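**Student:** Sequence first, predicted coordinates after that:
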Amino acid sequence: MAQEVEMEVVRPAEGEIFDIELDEDFLRRNRELSEKNRQILDSNDCTAIDVLGSVGAGKTSLIKLLVRKLKSKHRIAVVAGDLTTELDAARIVEEGVEVIQINTGKECHLDANLLKKAMEKLDLQKVDVLFIENVGNLICPTDFPLGSHHRIVVVSVTEGPHTVVKHPFIFEDASILVISKVDLCQAMGFGPQTLREDALRINPKLRVVETNCVTGEGVDQVVALLQL
Ligand code: MG
Ligand code: ZN
């Protein structure tokens with residue numbers, strides 16, 4: 001728990017928006033587009049899974065392993081969001097599934113309009129499961145739902161013990177928390193328990209899975225939770 005210390009803190013009042021970019025119309029427009037995306041996905045019987053996490057958390061590794069497990073059973077496509085590179089998309093293409101790269105430029109998150117544009121490049125009639133790798137960021141994707149059916153947040157133990165408490169809002173809407181790189185707990189000097197407890201305090205409905213993407217441990221559990 002954070003200790004009470006005396007200092008001046010600048011924070012928004014209830015309902016006040018500090019960030020001039022986060023104008024309300026803008027957020028409402030995103031929400032409307034996300035609802036439209038969901039309708040399009042549902043009418044094509046396509047399940048979309050938004051994967052969130054910091055840079056280096058292990059989003060791409062998790063998606064790769066999920067694709068490998070599921071591709072014999074489902075037709076899969078992946079949308080990979082990144083500021084400027086195609087590194088992650090290239091790693092997923094190796095699995096033999098269709099990948100649409102979205103380069104957001106300076107945008108630090110995907111929004112519903114960007115996903116809509118990526119979806120237009122796919123024949124969704126032929127896609128059962130759509131994985132969306134969001135830009136590596138645990139802050140603003142909170143305000144930009146995409147229309148996906150599931151939100152998985154990936155937090156690796158190598159980020160240290162405070163990733164969850166410092167990004168509480170992202171866990172409120174998420175359905176699954178993946179604690180990745182649990183094989184490195186000993187080197188980090190703490191266990192996944194702290195991350196798990198912090199996340200469940202924020203969202204008691206969150207399902208938590210520990211993974212090691214080197215051995216593939218935990219990935220079956222993620223598949224089971226996604227009911228795929
Ligand atoms: Mg990645
Ligand atoms: Zn952003």
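**Tutor:** Cool, got the structure. Numbers count the residues shown, from 1 in each chain. Ligands and ions are numbered 1, 2, ... in the order given.
**Student:** Now do the lowest-mean-pLDDT helix or strand in the chain: which elements does it pack against?
**Tutor:** In the chain, no helix or strand scores lower on mean pLDDT, DSSP states H and E than helix 87-93, which sits at a mean of 90. Here helix 87-93 touches helix 59-70, strand 76-82, strand 98-103, going by 3 or more C-beta pairs under 8 Å, 6 or more residues apart in numbering; DSSP states H and E. Using the backbone N, CA and C atoms, a C-beta is placed for each residue, glycine as well.
**Student:** Give me the distance from that helix to the chain's centre.
**Tutor:** Chain-centre distance of helix 87-93: 16 Å, with C-alpha atoms, centre = their mean, to the nearest Å.
**Student:** Show me the shaky parts of the protein.
**Tutor:** The chain contains residues with pLDDT under 70 at 1-4, 17-23.
**Student:** Contact partners for the residue positioned nearest the centre of it?
**Tutor:** The centroid of the chain falls nearest to Leu52 when counting by C-alpha atoms, centre = their mean (1.8 Å). By C-beta atoms under 8 Å, 6 or more residues apart in numbering, the contact list for Leu52 reads 59, 134, 137-138, 141, 151-154, 170, 174.
**Student:** Then Gly216?
**Tutor:** Leu65.
**Student:** Burial check on Ala57, number of neighbours?
**Tutor:** Counted by other C-beta atoms under 10 Å, the residues lying close to Ala57 total 24.
**Student:** how close does Phe131 sit to ligand 2?
**Tutor:** 20 Å (C-beta to the ion, to the nearest Å).
**Student:** So is the helix or strand where that residue lies next to ligand 1?
**Tutor:** For Phe131, the element it lies in under DSSP states H and E is strand 129-133. No: with C-beta under 5 Å from the ion as the criterion, ligand 1 is not reached by strand 129-133; the gap is at least 5.8 Å.
**Student:** Okay, now the sheet partners of that strand, with direction.
**Tutor:** Strand pairing for strand 129-133, determined by DSSP bridges: strand 47-53 (parallel), strand 76-82 (parallel).
**Student:** Including distance to ligand 1, could the ones you listed go into a markdown table?
**Tutor:** Putting the strands paired with strand 129-133 into a markdown table (distance: least, C-beta to the ion, whole Å) gives the following:
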| stretch | distance to ligand 1 |
| --- | --- |
| strand 47-53 | 8 |
| strand 76-82 | 7 |
